[in-house]
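>>> Provide a 3D model corresponding to the input given below.
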Amino acid sequence: MGEKGARQSDQAAETAQGLVDDLLSLGEVTSKKMFGGFGIFESGLMFALVDSEGSAFLRLGASNEDRYQDRHVKMPYGRVPAQILTDDQQLLAWADEALQAARAAKKK
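Predicted coordinates:
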C-alpha cells in the first residue's frame with residue numbers, strides 16, 4: 001500500500017473514511033490500517049486500498065482491468081481516477097466490479 005516505513009498521511013485517513021462512507025450500500029464496508037495505508041473491506045474481503053499518500057485503488061479482475069491505466073506496483077489494484085471518486089454513481093459501480101473481482105479471486 002505504501003513504501004516500507006511510510007507514514008500514513010491525514011489524506012490517507014480522509015480518503016479511506018470517504019470510501020467507507022460512500023460504499024456502505026455494498027454491505028459491511030470497513031477500513032483497517034495496513035502498511036502505512038488502509039485496506040477497504042466488505043464482510044472481511046479486501047476489495048480496495050488507500051496508499052500512504054491518500055490515493056485510492058480498486059481490485060482488478062478480468063471484467064474491469066482494461067479501464068485502469070495506473071496500476072499498483074505490487075498488487076492487483078488500479079488507481080481510481082479523480083473524476084470517478086467525485087461521482088457517487090460511477091464510484092459505486094466501479095467498486096461493485098472490484099468487489100466481484102475480489103470474490104472471484106478468492107474462489108480460485
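>>> leaving out sequence neighbours, find the closest residue to the residue nearest the centre of the chain.
Per C-alpha atoms, centre = their mean, the C-alpha nearest to the average position across the chain is that of residue 48, at 2.1 Å. For residue 48, ignoring the flanking residues on the chain, the nearest one in space by C-beta to C-beta, 6 or more residues apart in numbering is residue 40 at 3.7 Å. Bear in mind the C-beta positions are built from the backbone N, C-alpha and C, glycine included.
>>> what is the burial count for the one you found?
29 (other C-beta atoms under 10 Å).
>>> what does residue 88 give?
By the criterion of other C-beta under 10 Å, residue 88 has 12 neighbours.
>>> which residue sits closest to it, ignoring its sequence neighbours?
Nearest non-adjacent residue to residue 88, counting by C-beta to C-beta, 6+ apart: residue 22, 6.2 Å away.
>>> report the contact partners of that neighbour.
Neighbour list for residue 22: 88, 91, 92 [criterion: C-beta atoms under 8 Å, 6 or more residues apart in numbering].
>>> which single helix of this protein contains the most residues?
Secondary structure assigned by DSSP state H gives helix 88-107 as the longest helix of the chain.
>>> how about that one: buried residues?
Residues of helix 88-107 classed as buried: 91, 92, 94, 95, 96, 97, 98, 99, 100, 101, 102 (neighbour count, 16 or more other C-beta atoms under 10 Å).
>>> what are the C-alpha coordinates of it, in PDB please?
C-alpha atoms of helix 88-107 as PDB (Å, rounded to 0.1, in the frame of the first residue of the first chain):
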ATOM      1  CA  ASP A  88     -21.000   8.700  -6.400                       C
ATOM      2  CA  GLN A  89     -22.800   6.500  -9.000                       C
ATOM      3  CA  GLN A  90     -19.700   5.700 -11.000                       C
ATOM      4  CA  LEU A  91     -17.700   5.100  -7.900                       C
ATOM      5  CA  LEU A  92     -20.300   2.700  -6.600                       C
ATOM      6  CA  ALA A  93     -20.400   0.900 -10.000                       C
ATOM      7  CA  TRP A  94     -16.600   0.600 -10.100                       C
ATOM      8  CA  ALA A  95     -16.400  -0.500  -6.500                       C
ATOM      9  CA  ASP A  96     -19.000  -3.200  -7.100                       C
ATOM     10  CA  GLU A  97     -16.900  -4.600 -10.000                       C
ATOM     11  CA  ALA A  98     -13.900  -4.500  -7.800                       C
ATOM     12  CA  LEU A  99     -15.700  -6.400  -5.100                       C
ATOM     13  CA  GLN A 100     -16.800  -9.000  -7.600                       C
ATOM     14  CA  ALA A 101     -13.200  -9.300  -8.800                       C
ATOM     15  CA  ALA A 102     -12.100  -9.900  -5.200                       C
ATOM     16  CA  ARG A 103     -14.700 -12.500  -4.700                       C
ATOM     17  CA  ALA A 104     -13.700 -14.300  -7.900                       C
ATOM     18  CA  ALA A 105     -10.100 -14.300  -6.900                       C
ATOM     19  CA  LYS A 106     -10.900 -15.700  -3.500                       C
ATOM     20  CA  LYS A 107     -12.700 -18.700  -5.200                       C
END
